[in-house]
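In: The following comprises the amino acid sequence and a computationally predicted model.
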Amino acid sequence: MLSLLSEYHFCLHHLVLLDYKFFMDGQLHSYFKQKKQF
């Protein structure tokens, strides 16, 4: 039971990190697009 829980936690952590990475990539992308316009 414990191993299953820790595995689930690990998967959740991994997904959150991926989401964060994509979010940051998107933020940087839009930021640079705005800077290019000026």
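Out: Thanks, I have it. Residues are numbered from 1 along each chain as shown.

In: mind checking how far Asp17 is from Cys11?
Out: If you look again at residue 17, you'll see it is Leu, not Asp. 11 Å (Cβ to Cβ, to the nearest Å). (C-beta placed from N, C-alpha, C; glycine too.)

In: ugh, wrong one, Met24
Out: Taking Cβ to Cβ, one finds Met24 at 20 Å from Cys11.

In: Over to Ser30?
Out: Applying Cβ to Cβ to Ser30 and Cys11 gives a distance of 29 Å.

In: Then Leu5?
Out: 11 Å.

In: Same check on Gln34?
Out: From Gln34 to Cys11 the distance is 35 Å (Cβ to Cβ).

In: Tell me the secondary structure at Tyr20.
Out: helix (DSSP: H, G, I helix; E, B strand; the rest coil).

In: Tell me, how many residues neighbour it?
Out: If you count neighbours by other Cβ atoms under 10 Å, Tyr20 ends up with 10.

In: now this protein, which segments are flagged as low pLDDT?
Out: 1, 38 (pLDDT under 70).

In: quick one, what contacts the residue positioned nearest the centre of the chain?
Out: Closest residue to the average C-alpha location of the chain: Tyr20 at 2.0 Å, with Cα atoms, centre = their mean. Taking Cβ atoms under 8 Å, 6 or more residues apart in numbering as the definition of contact, Tyr20 has no neighbours.

In: just the strands in this protein please.
Out: Remark: no strands are assigned in the chain by DSSP state E.

In: Which residue ranges of it form helices?
Out: 2-37 (DSSP state H).

In: For stretch 16-23, output the C-alpha coordinates as PDB.
Out: These are the backbone C-alpha positions of stretch 16-23, laid out as PDB (Å, rounded to 0.1, in the frame of the first residue of the first chain):
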ATOM      1  CA  VAL A  16       3.100  19.100 -11.800                       C
ATOM      2  CA  LEU A  17       6.700  19.700 -12.800                       C
ATOM      3  CA  LEU A  18       5.800  19.200 -16.400                       C
ATOM      4  CA  ASP A  19       2.800  21.500 -16.200                       C
ATOM      5  CA  TYR A  20       5.100  24.100 -14.500                       C
ATOM      6  CA  LYS A  21       7.700  23.800 -17.300                       C
ATOM      7  CA  PHE A  22       5.100  24.200 -20.000                       C
ATOM      8  CA  PHE A  23       3.600  27.200 -18.200                       C
END
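
In: Since that was my last question, I'll sign off now.
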